[in-house]
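> for reference, the sequence and a predicted model appear below.
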Protein chains: 2
Amino acid sequence: MSLLVVGSVALDTVETPFGKAEDALGGSATFFAAAASLLHPVQLVGVVGDDYPTDALGFLAERGVDLAGLETAPGESFRWSGVYSYDLNSRETLETRLGVFADFRPKIPEQFRDAEWVFLGNIDPELQIGVLDQVREPRFVACDTMNLWIEIKRSRLLDLLRRVDLLMVNDAEARQLSGEHNLSKAAAFIMERGPRYLVIKKGEHGAILFTPHSVFFAPGYPLEVVFDPTGAGDAFAGGFMAHLAQSGRMEDADFRRAVVYGSVLGSFAVERFSIERFRDLTADEIEERTRQFRDMTMFELGVDAGV
Amino acid sequence: MSLLVVGSVALDTVETPFGKAEDALGGSATFFAAAASLLHPVQLVGVVGDDYPTDALGFLAERGVDLAGLETAPGESFRWSGVYSYDLNSRETLETRLGVFADFRPKIPEQFRDAEWVFLGNIDPELQIGVLDQVREPRFVACDTMNLWIEIKRSRLLDLLRRVDLLMVNDAEARQLSGEHNLSKAAAFIMERGPRYLVIKKGEHGAILFTPHSVFFAPGYPLEVVFDPTGAGDAFAGGFMAHLAQSGRMEDADFRRAVVYGSVLGSFAVERFSIERFRDLTADEIEERTRQFRDMTMFELGVDAGV
């Protein structure tokens, strides 16, 4: 049940009310792989410059992230820097330097082309389509996107949507893509355009899963301290896809559990800078937090409700 | 298991993107009673001017709202008018005319003073304390408040909190009262000051219940059309308290179900102007929506999680 991720591998400089990290490991594929590999092996495709501290990814390789698709190109690695507001609910991008990422044309190694579970991190929809042209017969394809592509590459993004099984976006992106403020209407709009499944992430307010059969709400995990929100969405995607790949099933119950694993991995991501929390995170800690999720949301109706 | 509500009985003029209602039945006690009385009898205490269309409340009286505590005073009824933004997420108050409400001193009729379940709607904390001085031995007291009282009557509000079992506020009020942005920290602050229970309402994002033993998250019910948000919070309180009074128990399971009933009644409130939706709402419709709530939030962990 191979799981492939294609996305950015970057160096992040992040300032939060709690401190600053410089040139820390970042990027959508990095966060995805760091989270997912705690549950399931991952094949990673991305590009870095010759300045990247590739050795720092060694701990990921040791626990099942196959870096055969991580290309090193001459030049500078993708760098992003940003600063978060005091309440961490908004952030300002200070600088984005694409470096070698500007010319990224994902090449899927031969041994990755039979991947069954594919996650297309947030890159140009043109490139996401290029990835799909290289994988042979994926069982399930999910993709992320962002406001930039919705604005300037809308047509190609819609082409992509016809070829994916699931779109994973935040609430602002779902609204922008659909032109609908109401999230139920936004979901209907999106699901008429290809994806049978949709996850709308709402940050601290949790996530909503839409399937052909049902809607599922997961709350945000109530952390007392959020240290650095960077990468939470990609860690969510990692936990989500890894649980699906691990289970090998696609019932609604599996997708719901996948949302819970996504929420749990996302909640761990924000406890420290970069992918630091994933270095020593254990399977027991993950399972414990999934149980806390269940305890936070379960209720029983009375006899009056006929159950 | 008598249930008493004290609050405003008003006439609302409301403009939403979908239309306008003039001098419609409104006020915290009105919305509370309209929702609660679908589940349990209610005793109402409030004041109206001699211009109030008291007959229009007749349908509430017919289904178990005891209006013996609704005083009519010479003068004008409390009037509020406001206009909602296109996305219904914010509203501007155009006018507030207190009328007879300015001199409201709640008098609890003798036959209401043994009330077991008491809800203090959002009025001056001084008056809320005055109500508690009149009820003999309530089993459970819940109260609402608002930004105005947190700002100008903070000390009296803190006196009140020491005497109530539950505070029900929205997220902005919880943050203002505690000075904490993080809702888990805000909850800890509030619960150290008296209430053993706390409900934080987050509008479309649902509600969080804090008890001495656990935290419970309920999502917002995903309506495709929200017609008029006015009164949703008071309808929530009505459903919440009525379920508790009906069950007669105070286990965490009862409080969780109460949150679900509150969410359900709140979700019905916004489907039409004023308390219109509560005229013909049936017990079956309420039970059906509680089941939808359960279906939207339930998930099962796998064998790996040890369950």
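Perfect, I can see it now.

> what about A:Gly233, helix or strand, and which?
In this structure, A:Gly233 sits in helix A:232-247 according to DSSP states H and E.

> same question for that helix, mean pLDDT?
Looking at helix A:232-247 alone, the average pLDDT works out to 97.

> CA atoms only for the helix or strand just after it, dumped as PDB, please.
The C-terminal neighbour of helix A:232-247 among helices and strands, as given by DSSP H and E, is helix A:252-269. Extracted in PDB, the C-alpha atoms of helix A:252-269 (Å, rounded to 0.1, in the frame of the first residue of the first chain):
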ATOM      1  CA  ASP A 252     -16.800   6.200   5.500                       C
ATOM      2  CA  ALA A 253     -15.700   4.900   8.800                       C
ATOM      3  CA  ASP A 254     -12.100   4.800   7.500                       C
ATOM      4  CA  PHE A 255     -12.300   8.300   6.200                       C
ATOM      5  CA  ARG A 256     -13.700   9.500   9.500                       C
ATOM      6  CA  ARG A 257     -10.800   7.900  11.400                       C
ATOM      7  CA  ALA A 258      -8.400   9.400   8.800                       C
ATOM      8  CA  VAL A 259      -9.700  12.900   9.700                       C
ATOM      9  CA  VAL A 260      -9.100  12.100  13.400                       C
ATOM     10  CA  TYR A 261      -5.600  10.900  12.700                       C
ATOM     11  CA  GLY A 262      -5.100  14.000  10.600                       C
ATOM     12  CA  SER A 263      -6.300  16.300  13.400                       C
ATOM     13  CA  VAL A 264      -4.100  14.500  15.900                       C
ATOM     14  CA  LEU A 265      -1.000  14.800  13.800                       C
ATOM     15  CA  GLY A 266      -1.800  18.400  13.000                       C
ATOM     16  CA  SER A 267      -2.200  19.100  16.700                       C
ATOM     17  CA  PHE A 268       1.200  17.700  17.500                       C
ATOM     18  CA  ALA A 269       2.800  19.600  14.600                       C
END
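
> which other helices and strands does helix A:252-269 contact?
helix A:28-36, strand A:197-201, strand A:207-210, strand A:215-218, helix A:232-247, helix A:277-280, helix A:283-297 (3 or more CB pairs under 8 Å, 6 or more residues apart in numbering or on different chains; DSSP states H and E). Every C-beta, even on glycine, is put in place using the N, C-alpha and C of the backbone.

> what about it, distance to the chain center?
11 Å (CA atoms, centre = their mean, to the nearest Å).

> parallel or antiparallel, list what pairs with the lowest-mean-pLDDT helix or strand in chain A.
The weakest-scoring helix or strand in chain A, judged by mean pLDDT, DSSP states H and E, is strand A:91-97 (a mean of 93). Its sheet considered, strand A:91-97 pairs with strand A:78-84 (antiparallel) by DSSP bridges.

> ok, now which ones touch the spatially closest residue to A:Gln128 that is not a sequence neighbour?
Using CB to CB, 6 or more residues apart in numbering or on different chains and skipping the chain neighbours, the partner closest in space to A:Gln128 is A:Leu120 (4.3 Å). For A:Leu120, the contact set (CB atoms under 8 Å, 6 or more residues apart in numbering or on different chains) comprises A:Val6, A:Gly7, A:Gln128, A:Val131, A:Leu132, A:Val141, A:Ala142, A:Cys143, A:Asp144, A:Leu160, A:Val164.

> let's see that with 7 Å instead.
A:Val6, A:Gln128, A:Val131, A:Val141, A:Cys143, A:Asp144 (CB atoms under 7 Å, 6 or more residues apart in numbering or on different chains).

> what do you get for A:Ala186?
By CB under 7 Å, 6+ apart, A:Ala186 lies in contact with A:Ala174, A:Arg175, A:Ser178, A:Glu180.

> how does it look with 8 Å?
A:Ala186 neighbours (CB under 8 Å, 6+ apart): A:Ala174, A:Arg175, A:Leu177, A:Ser178, A:Glu180, A:Ile200.

> shaky segments in chain A?
A:303-307 (pLDDT under 70).

> go with 50
Scanning chain A for pLDDT under 50 picks out A:305-307.

> if we can go back for a sec, got the contacts of A:Ala186 as CSV, with neighbour count columns?
Formatted as CSV, the contacts of A:Ala186 follow (neighbours: other CB atoms under 10 Å in any protein chain shown):
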residue, neighbour count
A:Ala174, 25
A:Arg175, 20
A:Leu177, 23
A:Ser178, 19
A:Glu180, 17
A:Ile200, 22
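
> mind picking the two most distant members of those residues?
A:Glu180 and A:Ile200 (11.7 Å; CB to CB).
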